[in-house]
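A.B. asks: give me a 3D structure for the following:
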Amino acid sequence: MESFLTPLLPLYAREHAAGRDLALAINLHTAGSTYSKPGALLLIAANGDYAGLLSGGCLEGDLRERALAVMSTGEPCRIGYDMRGPDDLLWGMGAGCEGAMDIFMIRVGRSNDWQPMQALADAQRLRERAAIGVVVDAPPGATHGAGAVIPLDVRGFAPDHAGWLPEQDGQRVFVLSPSLPPRLLLLGAGPDTVPVLQFAQQLGWSVTLYDHRPAYADASRFPAAEHVLQDRPQQVQDALAARGLRVDDYAAAVVMSHHLDSDAAYLRVLAATRIPYIGLLGPAPRRERLRSMVGDAAAQLDGRLRSPVGLDLGGRSAAAIALSIVAEIHAFLHQRQGGHFHGG
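C.D. replies: Next comes the predicted model:
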């Protein structure tokens, strides 16, 4: 439920509109402890701007220098970084990451129809999954040389797939099939939804805000939201459908309108959906009162309703509460409990 593609799209759109080539770096393989894993992406512009991360900043400077040559010549390159133990001294980075990375870099521009970025960006805009193969090694005379991009049938790959196709006649192809950004539905668009949206934006999620109050459902207040909708609480599904959206496509919903009758109406709507995570703002007594207002339909929320919503992180500010909400949703999407890291 996490896409390495989303952070790259604004930089890609800017450079594509200006007709300027970019370089795309792909993490092919790692060993030991590394910042990113296979499938992670880094997009680099000719002026040195970049989006995405392959390391915590240790390697990006060197990759920017290599990107200039790739953009200039069109020749892909493969770079290995080994930062395990004393070998790290060879790079003069002193990162101490105790890991190694194998990275492949290709040019993205007019000469290759802006692939694979254009295909991946189009798929995300249309909310359709895509799979592409990047030829890393190819024997002389092969149909597709190193750096070529090959469209693949997405049905053969799980979301977030990143790995190698079986080698065939000396040709090695690395596959990327990014997942689509999870969709979050916020029912209530008061001031405390602003930090929730900001944290969700940093994670690349697609957020829809919905409120029955016209003064709150103002798109100018939420420029990062995918949709800002206004209608009666009972009309959530119809309002989404009018935009070509299905309520069951949302990975999570949070009820936070601070209005008792409206929250009850929202919960009745959500009870009839298949949204797996439903958060409710407010203390336990308020939750029980709302369940009684929802009536028999409240039983359909069992196992999905998180109330009070959020992880117990401490803090009472709007930002702290938003962080706890987004952290719990993130843990849920990744099937984690949100506890401490253990081990190495």
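
A.B. asks: remind me, longest helix of the protein?
C.D. replies: helix 318-333 (DSSP state H).

A.B. asks: just checking, what packs against that one?
C.D. replies: helix 193-202, strand 252-255, strand 277-280 (3 or more Cβ pairs under 8 Å, 6 or more residues apart in numbering; DSSP states H and E). Using the backbone N, CA and C atoms, a C-beta is placed for each residue, glycine as well.

A.B. asks: which of these is buried the deepest?
C.D. replies: strand 252-255 (a mean of 27; mean count of other Cβ atoms under 10 Å).

A.B. asks: any idea how far that strand is from the chain center?
C.D. replies: Centroid displacement of strand 252-255 relative to its chain, using Cα atoms, centre = their mean, to the nearest Å, is 18 Å.

A.B. asks: show residues contacting whichever helix or strand comes after it.
C.D. replies: Going down the chain from strand 252-255, the next helix or strand is helix 260-271, by DSSP states H and E. For helix 260-271, the external contacting residues (Cβ atoms under 8 Å, 6 or more residues apart in numbering) are 187-188, 212, 232-234, 236-237, 247, 253, 255, 257, 278, 280, 286, 289-291, 293-294, 297-298, 300-301.

A.B. asks: would you show me how to pick out the buried ones of those residues in ChimeraX?
C.D. replies: Command for ChimeraX that selects the buried part of the contacts of helix 260-271, burial taken from 16 or more other Cβ atoms under 10 Å:
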select :187,188,212,233,236,237,247,253,255,257,278,280,290,291,294,298,300,301
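
A.B. asks: in helices only, show me the contacts of helix 260-271.
C.D. replies: Going by DSSP H, the helices hold Val236, Gln237, Arg286, Arg289, Leu290, Arg291, Met293, Val294 from those.

A.B. asks: thought Leu187 was touching the first one, still the case?
C.D. replies: The one in question is Val236. Yes - if you go by Cβ atoms under 8 Å, Val236 and Leu187 touch, sitting 7.1 Å apart.

A.B. asks: what touches both of the two?
C.D. replies: By Cβ under 8 Å, 6+ apart, the residues touching both Val236 and Leu187 are Tyr210, Tyr266.

A.B. asks: that older thread, what's next to the longest helix of the chain, contact-wise?
C.D. replies: Under Cβ under 8 Å, 6+ apart, the answer for helix 318-333 is 1-2, 182, 184, 191-192, 194-196, 198-200, 203, 251-252, 254, 276-277, 279, 281, 306, 309-315, 337-338.
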